[in-house]
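[1] Here is my input, please return the structure:
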Amino acid sequence: MTKPITSIALMSFYEEGRFQLDDPVSRFIPEFAGLRVWEDGTPLAYRTTFPEREMQVLRGMSQGQSNGEIGRELFLSEDTVKTHARRLFRKLGARDRAQAVALGFRRGFVA
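    Numbering: from 1, shown residues only. The predicted structure is shown next:
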């Protein structure tokens, strides 16, 4: 009976505007901030990468595309592209697009 109650509570919170469906989970559960996707390797020496959508946004930035151009190519709103870019900046430790692209090249995320 817990799942139906939780579902109804979430729908009520959504209707009240307490959260949006594209809000990062880390906003509510801080431990989820900065998660990466496991790519391969052993548990002691594993390699991670960023989610594919964030990588697509980084590749678009590396090609000099604006947020609008990236959004049109990926069928995303400009605000969604900005959200992915902000997440990339935070994960890479970048201040802006130029630094994110430079770090992406250095770390081999973009060629």
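[2] wait, what's in contact with residue 20?
    residue 14 (C-beta atoms under 8 Å, 6 or more residues apart in numbering). (C-beta placed from N, C-alpha, C; glycine too.)
[3] That one falls within a helix, correct?
    No: secondary structure of residue 20, determined by DSSP: H, G, I helix; E, B strand; the rest coil: coil, with no helix assignment.
[4] That one and residue 67, how far apart?
    Counting by C-beta to C-beta, to the nearest Å, the separation of residue 20 from residue 67 is 19 Å.
[5] which stretches of the protein have low pLDDT?
    Low-confidence regions of the chain, defined here as pLDDT under 70, cover residues 1, 37-48.
[6] give me that answer again for 90
    1-52, 90-93, 107-111 (pLDDT under 90).
[7] Strands of this protein, residue ranges please.
    Shown for the chain, the strands assigned by DSSP state E span residues 37-42, 45-49.
[8] Share the number of residues neighbouring residue 66, please.
    Applying the criterion other C-beta atoms under 10 Å, we find 13 residues in the vicinity of residue 66.
[9] next one: residue 54
    Number of residues near residue 54 (other C-beta under 10 Å) recorded here: 20.
[10] Excluding its own residues, what touches stretch 90-107? List them.
    Judged by C-beta under 8 Å, 6+ apart, the contacts made with stretch 90-107 from elsewhere in the structure are 33-34, 36, 50, 54, 58, 61-62, 85, 88-89, 110-111.
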